[in-house]
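A structural model of the following input is requested.
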Amino acid sequence: MSAALQNLAALEGNIGAVGYGLAAIGPGVGIGIIFGHGTQALARQPEAAGLIRANQILGFAFCEALALIGIVMPFVYG
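I've put the predicted structure just below:
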């Protein structure tokens, strides 16, 4: 068996972990963008803090739901 096939066989057992690692990139970036832009918005308009914070929490919940779906999918397809 060639070295490439041996590496692929070794990776096959951990493919769920690799899949979740890739699935966690998107929500991680999204959460960073949400809170980064929320902080900028609060600095520019402090009087709208309640509305901005509510939108931040809602966006965070949606991004976190995507991360949780990414945890579940390797078990569904694996």
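
give the buried residues for stretch 54-74.
Of all the residues in stretch 54-74, those buried under the rule 16 or more other C-beta atoms under 10 Å are Gln56, Gly59, Phe60, Cys63, Ala67, Gly70, Pro74. Every residue, glycine included, has its C-beta placed from N, CA and C.

next, give me the two most distant ones among those.
Gln56 and Pro74 (29.2 Å; C-beta to C-beta).

show the pLDDT at Ala23.
Here, the pLDDT recorded for Ala23 equals 79.

my guess is it meets Ala67, correct?
Yes - contact criterion C-beta atoms under 8 Å: Ala23 and Ala67 qualify, at 7.2 Å.

run through the neighbouring helices and strands of the longest helix along the chain.
With secondary structure taken from DSSP state H, the chain has its longest helix at helix 49-77. In terms of contacts (3 or more C-beta pairs under 8 Å, 6 or more residues apart in numbering; DSSP states H and E), helix 49-77 is packed against helix 15-23, helix 25-44.

Gly26 versus Pro74, what's the distance?
15 Å (C-beta to C-beta, to the nearest Å).
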